[in-house]
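please work out how this folds:
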Amino acid sequence: MAPENLTTPVCYYDVLQVTPRSGDDEIKRAYRRLAMVYHPDMNPQNRMMAELRFRLINEAYAHLKTREKRLRYNLNQKARAAAGNDNRVVSPSWFEQFAAFFRAPREQNSGSKA
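Numbering: from 1, shown residues only. Got it, this is the predicted structure:
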């Protein structure tokens, strides 16, 4: 699998390989199947990319696992499309957490001197 561009907008339905008409059970089965395939422990040869993909799968499932959350996600998608934006959602939260792990900690009191 080729490395993905981490700034590319993603559609959570595409991530889980389901349709917007999928039910709770189908989404749950897709999530479990993909989580097993991309779990970092199952991919020791490419652990970092597997971890990023696994986090994206978890984030997609968190947004689509219940009917209410899917409705909220779909409304957000429609609002973005109506505003003239791409109808996909950019969700860098998993990448920001990953990058923050490797970032050096900042000093708490950078403005005051003792």
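
every contact and neighbour count from this point should use C-alpha atoms.
Noted.

out of everything not next to it in sequence, what's closest to Arg67?
Leaving aside its sequence neighbours, Arg67 sits nearest to Asp24 (Cα to Cα, 6 or more residues apart in numbering; 7.1 Å).

contacting residues for that neighbour?
Lys65, Thr66, Arg67 (Cα atoms under 8 Å, 6 or more residues apart in numbering).

show me what the lengthiest helix in the chain is packed up against.
When the chain is parsed with DSSP state H, its longest helix is helix 47-64. Judged by 3 or more Cα pairs under 8 Å, 6 or more residues apart in numbering; DSSP states H and E, the packing partners of helix 47-64 are helix 12-16, helix 24-38, helix 67-82, helix 93-102.

Arg53 against Tyr38, yeah?
Yes: contact between Arg53 and Tyr38 holds when scored by Cα atoms under 8 Å: they sit 6.6 Å apart.

shaky segments in this protein?
Residues of the chain meeting the criterion pLDDT under 70: 1-9, 85-114.

take the contacts of Asp24 and lay them out in TSV including neighbour count and distance to Gln45.
Formatted as TSV, these follow (neighbours: other Cα atoms under 10 Å; distance: Cα to Cα, whole Å):
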residue	neighbour count	distance to Gln45
Lys65	17	30
Thr66	15	34
Arg67	13	37
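
what is the nearest of the residues you listed to Lys78?
Arg67 (16.4 Å; Cα to Cα).

still on that earlier bit, highest mean neighbour count out of the helices and strands packed on helix 47-64?
helix 12-16 (a mean of 20; mean count of other Cα atoms under 10 Å).

report the contact partners of Val15.
Contact analysis of Val15 by Cα under 8 Å, 6+ apart lists Leu56, Ile57, Ala60.
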